[in-house]
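1. Fold the stuff below for me.
(one chain, ligands or ions: 2)
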Amino acid sequence: MLNMDERRIQTISQKALQALLYEVSASPKPGLVDRFNQGAHADMDFFTFMSSSAALSNYFDHCVTEGVNYSGQNPEELFQALRGLGIDAEKAMFKATDGVNTHKGLVFSLGIICAAASCCMMENESESVDTDTICAKISLMTQGLCMRELTFMNKSEGLTFGEKLYQKYGLKGIRGEVESGFPTVRNYSLPVLKKLKSMQTLHINDILVQVLLHLMRVNEDTNIVARHDLKTLKFVHYYSNQVLDSGGMLTPKGVEMVYEMDKEFIRRNISPGGSADLLAVTVMFDLLSQMN
Ligand SMILES: CC(C)(COP(=O)(O)OP(=O)(O)OC[C@H]1O[C@@H](n2cnc3c(N)ncnc32)[C@H](O[C@H]2O[C@H](COP(=O)(O)OP(=O)(O)OP(=O)(O)O)[C@@H](O)[C@H]2O)[C@@H]1O)[C@@H](O)C(=O)NCCC(=O)NCCS
Ligand SMILES: Nc1ncnc2[nH]cnc12
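-> Ligands and ions are numbered 1, 2, ... in the order given. Below you'll find the predicted structure:
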């Protein structure tokens, strides 16, 4: 039987599911799956993401519980306990999507955030916990991850894209983002989300697309580099800047440019999947910060 505090902590997993659903629903997202089209993806659509999200809901509950179980203990052990859950969740995702990778990045990122948030809430005996505290815990949980899995990796076969891209370009991808406590979210996208929400005139859909553009102009998205190269990543940064300079989702001209950008990305087969993931992470931190 859960007591009041534990029931409250369990709502963290609902926020993770909401973050997944908000991310895929925001439209139009250049090159990504959304309510309007499949973006630069032949093998998945909006409904694939619904199936995947539903399949992951139990996983987030388990991560929250693990965070509670490991409160007051070594954060690195909490991370190790999560990895088995993450691998099982990836299997559940692939089963629900007939083998398509919809949420691999978010299984990793949101799983860690769920566990870190519940762990911090238990340790601080508080009903809410701020983003900096959760991110500091995440850094402790994952410290040494890049060195262990990228710098001193000693396998030469069966490398994931993330591992190959580190070897080729030195990009740390999602591991670097997590180990540093999500600096791209804390420094760029979360302040933009909070500012746009405080204006109280914009629809949440347009706010989310605008936040995505801000992410796309700075994020070292290994998903783009895996399909293309560093030049294409620079092109995405440049293009996102141009659209934001015209106002993005905040002006009629900017909105026109976002639709044009979607067509151009589909034509060029560009999918900013890493930025989509960080959009969901941004939403998650915002929802957690409103929990009190
Ligand atoms: C630790 C792992 C998650 C790392 O996996 P990997 O070595 O593959 O690492 P990365 O490539 O660096 O990243 C994995 C996914 O993270 C997303 N991502 C990339 N860059 C960033 C970034 N800068 N910030 C945030 N997130 C980022 C990205 O996910 C999105 O893309 C996915 C689609 O990818 P894919 O199918 O490869 O690409 P497509 O182009 O669509 O394929 P084709 O159509 O061309 O065939 C999608 O999922 C988005 O979410 C990266 O893909 C992992 O290996 C691991 O350890 N897993 C075990 C589970 C675990 O430990 N869990 C821990 C529990 S907390
Ligand atoms: N909406 C989306 N479209 C394509 N890849 C994604 N990865 C995470 N969200 C995505």
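2. What about residue 198, how many residues nearby?
-> 7 (other CB atoms under 10 Å). C-beta coordinates here come from the backbone N, C-alpha and C atoms, glycine included.
3. Check residue 228 too.
-> With neighbours defined by other CB under 10 Å, the count for residue 228 comes to 16.
4. In this model residue 270 seems to touch it, though I could be wrong.
-> Yes: with contacts defined as CB atoms under 8 Å, residue 228 counts as touching residue 270 at a distance of 6.8 Å.
5. shared neighbours, the two?
-> Between them, residue 228 and residue 270 share no contacting residue under CB atoms under 8 Å, 6 or more residues apart in numbering.
6. so what's the residue nearest to residue 71 when sequence neighbours are not counted up against?
-> Counting by CB to CB, 6 or more residues apart in numbering, residue 122 is the residue found nearest to residue 71 once chain neighbours are left out, at 3.6 Å. Residues counted as contacts of residue 122 (CB under 8 Å, 6+ apart) are 9, 67, 68, 71, 72.
7. Show me those that map onto helices.
-> If you go by DSSP state H, the contacts of residue 122 have 9, 67, 68 in helices.
8. of these, closest to residue 275?
-> The shortest distance between residue 275 and any of the ones in helices among the contacts of residue 122, using CB to CB, involves residue 67 and amounts to 26.2 Å.
9. what about that closest one, neighbour count?
-> Residue 67 is surrounded by 30 other residues when neighbours are defined as other CB under 10 Å.
10. mind checking pLDDT for it?
-> We note a pLDDT of 96 for residue 67 in this prediction.
11. before we move on, what about residue 228?
-> In this model, residue 228 is scored at 96, pLDDT.
12. can you give me the helices in the stretch 101-250 of the chain?
-> Residue ranges of the helices in the stretch 101-250 of the chain, as given by DSSP state H, counting those that start in this stretch, are 104-124, 131-141, 145-146, 161-169, 173-179, 183-184, 190-198, 204-216, 222-227, 230-245.
13. Buried deepest among those, which one?
-> For the helices of the stretch 101-250 of the chain, the largest average neighbour count (mean count of other CB atoms under 10 Å) is found in helix 104-124, namely a mean of 25.
14. does ligand 1 sit close to it?
-> Yes: under the criterion of CB under 6 Å from any ligand atom, ligand 1 is reached by helix 104-124 at 104, 105, 106, 107, 108, 111, 112.
15. for ligand 2, what are the nearby residues on the stretch 151-292 of the chain?
-> The interface of the stretch 151-292 of the chain toward ligand 2, taken as CB under 6 Å from any ligand atom, is made up of 271, 273, 276, 277.
16. In helices, which of these appear?
-> 273, 276, 277.
17. Take those and lay them out in JSON lines including pLDDT.
-> As requested, these are exported to JSON lines (pLDDT from 0 to 100):
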{"residue": "273", "pLDDT": "97"}
{"residue": "276", "pLDDT": "98"}
{"residue": "277", "pLDDT": "98"}
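18. Name the residues of the stretch 1-150 of the chain found near ligand 2, please.
-> 23, 24, 32, 33, 39, 41.
19. The fifth one: what's it in contact with?
-> Looking back up the chat, that one is residue 39. With contacts taken as CB under 8 Å, 6+ apart, residue 39 has the following neighbours: 29, 30, 31, 32, 33, 262, 265, 266, 271.
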